[in-house]
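Novice: Dropping a prediction and its sequence here:
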Amino acid sequence: DAKTTQPPSMDCAEGRAANLPCNHSTISGNEYVYWYRQIHSQGPQYIIHGLKNNETNEMASLIITEDRKSSTLILPHATLRDTAVYYCIVRVEGTGANNLFFGTGTRLTVIP
Amino acid sequence: DVKVTQSSRYLVKRTGEKVFLECVQDMDHENMFWYRQDPGLGLRLIYFSYDVKMKEKGDIPEGYSVSREKKERFSLILESASTNQTSMYLCASRSTRGRSNGYTFGSGTRLTVV
């Protein structure tokens, strides 16, 4: 699986949009981009994933550049409960229990 | 609505003890995983299971074994606990069906070996 690069930390004001970038310049054509987050002392939580098109669900939006070498996770109205470490992961889809390389992620702090 | 349940949040065990960490999922997922998470090292895969009675070694299987006798349950066994196995242990499951097949994680078990 391709590796990803994320900034180690970011701050965001409560109520504002949080935009978390991720670089995955070596991504291959069949690799999806996944985002997870981990709130302190809990297991990672799935947020969203996509291949080429932008995706949106009840938690967030995922914007993937046309060349697929980078993406941005958008939390439209950040709350204090969104303070967590956010992980961007790329992996091949399909059957088989592939390893999930989490890396060190971005620590997002939402400020009141 | 808890979907992946790990039997204990915190455990303290003595060196040399045999330790069982239990994980149960109620989503009929085929794949199940055991990870450990340590500061600065991210999540490292210990063992995983494609389906019932199937198991595969991950990146760091030494000192561990697993059991998957039923689809919903995946147990991690520390044969003889050592202090370097002090860690946060995370269980996850994943479906191989449908489009949205992200991993669902349990809340974790923080194991301390003294």
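Specialist: Arrived safely. Numbering: from 1, shown residues only, chains lettered A, B, ... in the order given.
Novice: Could you report the distance from the nearest residue in space to residue A:25 that is not next to it in sequence to residue A:21?
Specialist: Taking Cβ to Cβ, 6 or more residues apart in numbering or on different chains, and ignoring the residues beside it in sequence, residue A:25 has residue A:69 as its nearest neighbour in space, at 4.5 Å. Bear in mind the C-beta positions are built from the backbone N, C-alpha and C, glycine included. Counting by Cβ to Cβ, to the nearest Å, the gap between residue A:69 and residue A:21 amounts to 11 Å.
Novice: ok, now residue B:33?
Specialist: The gap separating residue B:33 from residue A:21 is 27 Å, by Cβ to Cβ.
Novice: Over to residue B:27?
Specialist: When distances are taken as Cβ to Cβ, residue B:27 and residue A:21 turn out to be 32 Å apart.
Novice: Quick check on the two: which one has the bigger neighbour count.
Specialist: Neighbour comparison, residue B:27 and residue A:21: the larger count goes to residue A:21, with 15 against 11 (by other Cβ atoms under 10 Å in any protein chain shown).
Novice: tell me what whichever strand or helix holds that one is packed against?
Specialist: Secondary-structure element containing residue A:21, defined by DSSP states H and E: strand A:18-23. Of the remaining helices and strands, those touching strand A:18-23 by 3 or more Cβ pairs under 8 Å, 6 or more residues apart in numbering or on different chains; DSSP states H and E are strand A:9-13, strand A:31-38, strand A:70-75, strand A:84-92, strand A:106-111.
Novice: Sketch out the low-pLDDT regions of the chain for me.
Specialist: Just going to use chain A. Judged by pLDDT under 70, chain A has its weakly predicted residues at A:1-2, A:93-100.
Novice: not quite, I wanted chain B
Specialist: Flagging of chain B using pLDDT under 70 yields the residue ranges B:1-2, B:98-101.
Novice: residues near residue 49, how many?
Specialist: Because you didn't say which chain, this covers chain A. Other residues lying near residue A:49 total 21 when counted by other Cβ under 10 Å.
Novice: hm, I was asking about chain B
Specialist: 21.
Novice: separation between the residue most central in space within chain A and residue B:107?
Specialist: Centrality entry for chain A: nearest residue to the mean C-alpha point is residue A:35, 3.2 Å, by Cα atoms, centre = their mean. Taken as Cβ to Cβ, the spacing of residue A:35 relative to residue B:107 amounts to 20 Å.
Novice: Same check on residue B:55?
Specialist: In this structure, residue B:55 and residue B:107 are 23 Å apart, going by Cβ to Cβ.
Novice: between these two, who's got more neighbours?
Specialist: In this view residue B:55 and residue B:107 are compared by other Cβ under 10 Å, and residue B:55 has more residues nearby, 19 against 16.
Novice: Show me which residues of chain B sit near chain A.
Specialist: With the criterion set to Cβ under 8 Å from any Cβ of the partner chain, chain B comes near chain A through B:4, B:31-33, B:40, B:42-43, B:45, B:48-50, B:56, B:58-59, B:90-92, B:94, B:96, B:100-108, B:110.
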